[in-house]
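1. give me coordinates for this.
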Amino acid sequence: HPSAAQAAEGFAAEEAAGVPRDSAVRNYKDPAAKPELICALTEFHALAGFRSPERTVSLLRTLDAPALAPYTEMLVAQPDSSGLRALFTMLITLPQTSLSTLLPQVLDACVLHVKEHGEFDLECRTILELGESYPGDAGVLAALLLNRIVLQPGEAIHLPAGNLHAYLRGTGIEILANSDNVLRCGLTPKHVDVPELLRVLDFTCGDMPVSTGEEVSPGVRVYRTPAPEFELSRLDLAGETRINDDGPQIVLCTAGAAVLTNARGDELRLVRGQSVWLPASDPAVIVRPDGVESAQLFRATAGTD
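-> Numbering: from 1, shown residues only. Next up is the predicted model:
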């Protein structure tokens with residue numbers, strides 16, 4: 001997703017060019033940024049952010065596919081963000097003849113590595129899954145460069161502007177800024193604009209920080225991010241809790257059942273899978289589990305500047 005400045009610039013350019021907003025080849029549907037956060041409800045698998053060049057070199061050398069060797073040596077010669085940019089650009093723009101040679105060799109090497117239960121077993125299984133689902137797609141090669149992440153329930157990652165990512169499987173709470181701007185790399189039948197993708201991508205590399213949230217009161221954890229557009233909280237209710245906010249809120253029940261009561265005494269019961277919009281005119285709401293069991297709620301509010 002683009003930054004605010006990139007989105008504003010891209011939107012203005014497409015407006016000036018007369019690209020219809022509902023066009024399948026439109027990149028920027030609005031002039032806004034789209035940071036996001038995903039918090040796992042179940043074990044959650046994702047690709048996110050560029051892995052450190054040193055680890056990626058180890059993976060590529062372990063695969064030892066002959067056609068992969070020149071690309072591996074590119075990163076060996078420049079093991080930094082600039083080297084990742086050069087390698088990613090080359091892989092994502094490979095002509096079909098080169099891709100048809102390289103990709104099968106990479107997949108064969110992944111099969112062998114999985115059979116041997118090697119160090120990069122999970123990464124190789126993922127490449128094989130992607131190769132089966134998206135045959136002949138250069139995005140499969142791009143996935144070789146990304147962190148393979150497994151989140152446990154309650155863990156979250158923040159995806160700032162420019163972060164390349166793909167959600168693989170699992171259930172989570174996703175919260176995003178109000179925008180529909182997406183630049184795609186591959187693994188999709190939708191429009192892929194490689195030059196614009198390269199303009200917005202952030203090639204900062206290393207492990208993705210995983211958050212378990214900050215406990216601000218008993219049973220209440222806040223997943224803080226730099227994004228001013230949103231803030232996500234998790235409430236593990238064992239008793240009565242007051243949720244206050246100067247602005248509107250969305251409350252979603254993910255386990256058990258809960259009763260919400262506003263200052264006027266109005267009550268609303270939520271069960272798993274149900275959500276409620278609380279307007280700014282209800283700044284103080286009390287929530288409690290309904291029955292003897294505890295309840296789990298997630299709460300979305302505006303962030304802080």
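2. what about stretch 214-221, how long is it end to end?
-> Length of stretch 214-221, first residue to last, C-alpha to C-alpha, to the nearest Å: 5 Å.
3. got the contact list for that stretch?
-> Stretch 214-221 is contacted by residues 154, 212-213, 222-224, 233-239, 241 when judged by C-beta atoms under 8 Å, 6 or more residues apart in numbering. Quick note: C-beta positions are derived from backbone N, CA and C, even for glycine.
4. mind checking which of those are in helices?
-> Using DSSP state H, no member of these falls within helices.
5. contacting residues around the helix or strand where A16 lies?
-> Assigned by DSSP states H and E, A16 belongs to helix 4-17. Applying C-beta under 8 Å, 6+ apart, the contact partners of helix 4-17 are 2, 26-34, 161, 179, 181, 196, 199-200.
6. ok but T97 is inside a helix, no?
-> Yes - applying DSSP: H, G, I helix; E, B strand; the rest coil, one finds T97 inside a helix.
7. mind listing the helices for this structure?
-> 4-17, 53-63, 69-77, 81-92, 96-115, 121-133, 139-142, 194-200.
8. what residues of the third one count as buried?
-> Okay, so that is helix 69-77. By neighbour count on 16 or more other C-beta atoms under 10 Å, the buried set for helix 69-77 is 71-72, 74-75.
9. just to revisit the earlier point, for the contacts of helix 4-17, which two are the farthest from each other?
-> Within these, two members stand farthest from each other by C-beta to C-beta: R26 and A161, at 18.8 Å.
10. of the two, who's got more company?
-> A161 (21 against 18; other C-beta atoms under 10 Å).
11. mean confidence for stretch 149-165?
-> The pLDDT scores in stretch 149-165 average 96.
12. show me what counts as buried in that stretch.
-> By neighbour count with 16+ other C-beta under 10 Å, stretch 149-165 contains the buried residues 149, 151, 154-165.
13. what's the worst-scoring helix or strand of the chain on mean pLDDT packed up against?
-> Least confident element among the helices and strands of the chain, by mean pLDDT, DSSP states H and E: strand 241-244 (a mean of 90). Identification of packing neighbours for strand 241-244 by 3 or more C-beta pairs under 8 Å, 6 or more residues apart in numbering; DSSP states H and E yields strand 284-289.
14. partner strands of the strand it packs on and their direction?
-> Counting by DSSP bridges, the strands paired with strand 284-289 are strand 241-244 (antiparallel), strand 257-262 (antiparallel).
15. mean neighbour count and distance to K115 added to those, as a markdown table?
-> Formatted as a markdown table, these follow (neighbours: other C-beta atoms under 10 Å; distance: least, C-beta to C-beta, whole Å):
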| stretch | mean neighbour count | distance to K115 |
| --- | --- | --- |
| strand 241-244 | 14 | 51 |
| strand 257-262 | 19 | 48 |
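16. make JSON lines from these and add distance to L102 to it.
-> As requested, the strands paired with strand 284-289 are exported to JSON lines (distance: least, C-beta to C-beta, whole Å):
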{"stretch": "strand 241-244", "distance to L102": "53"}
{"stretch": "strand 257-262", "distance to L102": "53"}
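17. could you pull up the residues touching the closest residue to G239 other than its chain neighbours?
-> Leaving aside its chain neighbours, G239 sits nearest to R288 (6.6 Å; criterion: C-beta to C-beta, 6 or more residues apart in numbering). Residues counted as contacts of R288 (C-beta under 8 Å, 6+ apart) are 237, 239-241, 258-259, 261.
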